[in-house]
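Asks: have a look at this fold, sequence not included:
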Ligand SMILES: Nc1nc2c(c(=O)[nH]1)N[C@H]1C(S)=C(S)[C@@H](COP(=O)(O)O)O[C@H]1N2
Ligand SMILES: [Mo]
C-alpha cells in the first residue's frame, strides 16, 4: 500500500480510540479510491476541513481540536451508549437504547425563530453542510453525581448563531426537543411531565467557545440514545442542560423556563453550573463517579472549565 504520509488532520494514534483510528484509516482509503492518487496529492477536496457537499456520513471522524484535553481516560463507548438519561424513552438508563427503535431521526428539521434577522428552518443535512465539524474531548457531569469523558463531534454554537444573525434585543436562546409520543414511549408513560423537553441559555453562554451543538460521538453520528441528530453540549453545567434531539431554537428577550426547574424547582435551577460546594437537597456534589470504571473523583468547579466560563458568573466565588 501507499506510504504513510503524516497529515495534520490524522488523529494522533496514542490518544485515539481504536475505533477512531480504524475509521480514520478507512475514510482515508475511501478518499483515495474516490479521488485517485493524482487528485489526492493536490486536491483540496481531500481535506476534511473542506467537506462541503459530502454526505454527513462522509464527515466522520472529524478533525480533533487539540485544545480540549482530558485529565482522565475516555469512557468506554459501549458504557456511554447504554447508560443514558433520555426520559422521552425511559427513566431507566439501561433501557433507553432498547426503546429508541421507533424514533425517526432522519429526515430532521431544526426551526429557528424569534429575535433573529434570518428566521428559517434547516434540514439537518443542510446544517451539517454549513457548519464546520470538529471533535472535542470533554468531561460530562450529570447532576446525579455520575460522570463520563467522551469525544463529541459537532460545531461551535457561536458559528450557528452567526449564521442566523440575532437581533441586538436577543438575550436568551430557548431550545426544545421533539414531541412524538408515537415514537417515544416515555412521553406516553410519564404523562405528568411537561413534554416536550426544553432548555435555555443566555446569549453569552451560547456564544462561549465551549458550547457546541453535537451531531456525533466517538467518531460517528450520534446514536439515537445520545440525542440524535442534534444535541447541545455545555460541559461546565450539569447534564440536564445538554438538551437532546433539538427541533427548535428561539431567540428571546425573556429568560426561558427549563424542564427540570419547572418540574422540581427546589432541586434544579436555571444555571445548573457544576459546583462541588452546592449540594443537591438529597446528595452531596463534592465527588463524582466515572461510569464504567467506578472511579471516584473530586468534583471540579465548573467541571474543570472555570478558565472559560467563570467570568460569566461574577456572583460565584472561584
Ligand atoms: N430531550 C432530553 N434531553 C436530555 C435529557 C432528557 O431526558 N431529554 N436528559 C439530560 C440529562 S439529565 C443528561 S445527564 C444527559 C445525558 O446524556 P447522554 O445520555 O448522552 O449521556 O442528557 C440530557 N438531555
Ligand atoms: Mo443528568
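Replies: Looks like it arrived, so ask away. Just so we're clear, the structure is a prediction, and the values are computed from it rather than from any experiment. Ligands and ions are numbered 1, 2, ... in the order given.

Asks: can you name the residues that contact residue 250?
Replies: Contact analysis of residue 250 by Cβ atoms under 8 Å, 6 or more residues apart in numbering lists 112, 113, 114, 173, 174, 175, 176, 256. Where you see a C-beta, it was placed from the backbone N, CA and C, and this is true even at glycine.

Asks: assign a three-state SS to the first one, would you?
Replies: Right, the one you point to is residue 112. strand (DSSP: H, G, I helix; E, B strand; the rest coil).

Asks: wait, residue 298 sits on residue 286?
Replies: Yes: shown here, residue 298 and residue 286 form a contact pair, counting by Cβ atoms under 8 Å, at 6.9 Å.

Asks: what sits in contact with each of the two?
Replies: Between them, residue 298 and residue 286 share these contacting residues under Cβ under 8 Å, 6+ apart: residue 276.

Asks: could you check the pLDDT of the residue of the chain found nearest ligand 1?
Replies: With Cβ to the nearest ligand atom as the measure, residue 239 is the residue of the chain nearest to ligand 1, at 2.6 Å. Looking at residue 239, its pLDDT reads 99.

Asks: quick one: the helices in the protein, in order.
Replies: For the chain, the helices defined by DSSP state H cover 18-42, 77-80, 96-99, 124-130, 157-164, 185-189, 203-207, 259-263, 306-309.

Asks: how many residues are close by the closest residue to residue 83 other than its chain neighbours?
Replies: Take residue 83 and drop its neighbours on the chain: the residue closest to it by Cβ to Cβ, 6 or more residues apart in numbering is residue 93, 4.8 Å away. Neighbours of residue 93 under the rule other Cβ atoms under 10 Å: 17.

Asks: for residue 175, see how far away the nearest residue to residue 282 once chain neighbours are set aside is.
Replies: Spatial nearest neighbour of residue 282, excluding adjacent residues (Cβ to Cβ, 6+ apart): residue 267 at 7.7 Å. Residue 267 sits 21 Å away from residue 175, going by Cβ to Cβ, to the nearest Å.

Asks: more neighbours: which of those two?
Replies: Neighbour comparison, residue 267 and residue 175: the larger count goes to residue 175, with 25 against 12 (by other Cβ under 10 Å).

Asks: show me what contacts that one?
Replies: 198, 199, 200, 201, 232, 243, 246, 248, 249, 250.

Asks: hmm, 7 Å instead?
Replies: 198, 199, 200, 232, 243, 246, 248, 249 (Cβ atoms under 7 Å, 6 or more residues apart in numbering).

Asks: which non-adjacent residue is nearest the fifth one?
Replies: Once its chain neighbours are removed from consideration, residue 243 has its nearest residue in residue 199; the separation is 4.1 Å (Cβ to Cβ, 6+ apart).

Asks: quick one: pLDDT of that neighbour?
Replies: pLDDT recorded at residue 199 is 99.

Asks: so for residue 288, what's the nearest residue that isn't a sequence neighbour?
Replies: Spatial nearest neighbour of residue 288, chain neighbours left out: residue 147 (4.3 Å); criterion: Cβ to Cβ, 6+ apart.

Asks: so that neighbour sits right up against residue 285, yeah?
Replies: No: Residue 147 is beyond contact range of residue 285, at 11.1 Å (criterion: Cβ atoms under 7 Å).

Asks: what about the two, which has more around it?
Replies: Taking neighbours as other Cβ under 10 Å, residue 147 and residue 285 compare with residue 147 leading, 24 against 18.
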